[in-house]
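Colleague: turn this into a structure:
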Amino acid sequence: MNRVELIGRITRDPELRYTSSNIATTRFTLAVNRPFQSQNGEQGTDFINVVVWRKQAENVKKYVSKGSLVAVEGRIQTGSYEKDGQRIYTTDVVADSVQFLETKSQSQSRTSEDVTPADFVQDNNMNDESDMSDEVFANFGDSIEISDDDIAF
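Modeller: Below you'll find the predicted structure:
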């Protein structure tokens with residue numbers, strides 16, 4: 001089984017490109033805390049390359065930027081290529097899903113000057129419910145109209 005689940009912060013703005021077949025793809029690096037501390041009390045961080053395809057790739061480019069907190073679900077894919085006569089090996093996470101874990105206003109209020117290396121190694125403990133707020137639903141309407149045709153069963 002090849003399954004990966006990660007939560008971390010994006011280290012720089014995602015790059016959106018299109019293949020020759022006009023399929024969208026986005027690449028970004030995710031800073032993910034290690035679950036332990038070193039002997040001197042420092043928490044390590046892994047910087048993991050992530051690849052996203054199609055509509056999800058366009059959404060990532062549109063809605064997240066450097067410092068955004070996201071959850072990624074996908075699989076590990078390895079590969080290699082040759083550069084200047086030397087074989088280069090790669091390891092990427094190919095994302096099936098990228099979930100945005102901050103509200104749009106939180107993400108927009110974060111500027112590149114506000115993001116420091118310490119932001120990438122902070123504890124992203126998602127069990128602290130005190131950080132949750134109803135602000136996530138602030139831009140939604142009061143009601144949703146659903147017809148019988150919208151229901152799958």
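
Colleague: buried residues, stretch 25-38. List them.
Modeller: Within stretch 25-38, the residues scored as buried using 16 or more other CB atoms under 10 Å are 25-26, 28-33. No exception for glycine: its C-beta is placed from N, CA and C like everyone else's.

Colleague: distance of Gln37 from Glu15?
Modeller: Distance of Gln37 to Glu15, computed by CB to CB, to the nearest Å: 32 Å.

Colleague: need the helices for the chain, in chain order.
Modeller: 54-63, 104-109, 117-120 (DSSP state H).

Colleague: buried sites along stretch 40-55?
Modeller: For stretch 40-55, the neighbour count (16+ other CB under 10 Å) marks 45, 48, 50-52 as buried.

Colleague: average pLDDT for it?
Modeller: The predicted model assigns stretch 40-55 a mean pLDDT of 91.

Colleague: what are the C-alpha coordinates of it, in CSV please?
Modeller: The C-alpha trace of stretch 40-55 is given here as CSV (Å, rounded to 0.1, in the frame of the first residue of the first chain):
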residue,chain,number,x,y,z
ASN,A,40,19.1,19.6,22.0
GLY,A,41,15.3,20.1,22.0
GLU,A,42,14.9,21.3,18.4
GLN,A,43,12.0,20.0,16.4
GLY,A,44,13.1,18.9,12.9
THR,A,45,11.3,19.6,9.7
ASP,A,46,11.1,17.7,6.5
PHE,A,47,10.6,19.6,3.2
ILE,A,48,8.5,17.4,0.9
ASN,A,49,7.9,18.0,-2.8
VAL,A,50,4.3,17.7,-3.8
VAL,A,51,2.8,17.4,-7.3
VAL,A,52,-0.9,18.2,-8.0
TRP,A,53,-2.8,17.6,-11.2
ARG,A,54,-5.8,19.0,-13.2
LYS,A,55,-8.5,21.1,-11.5
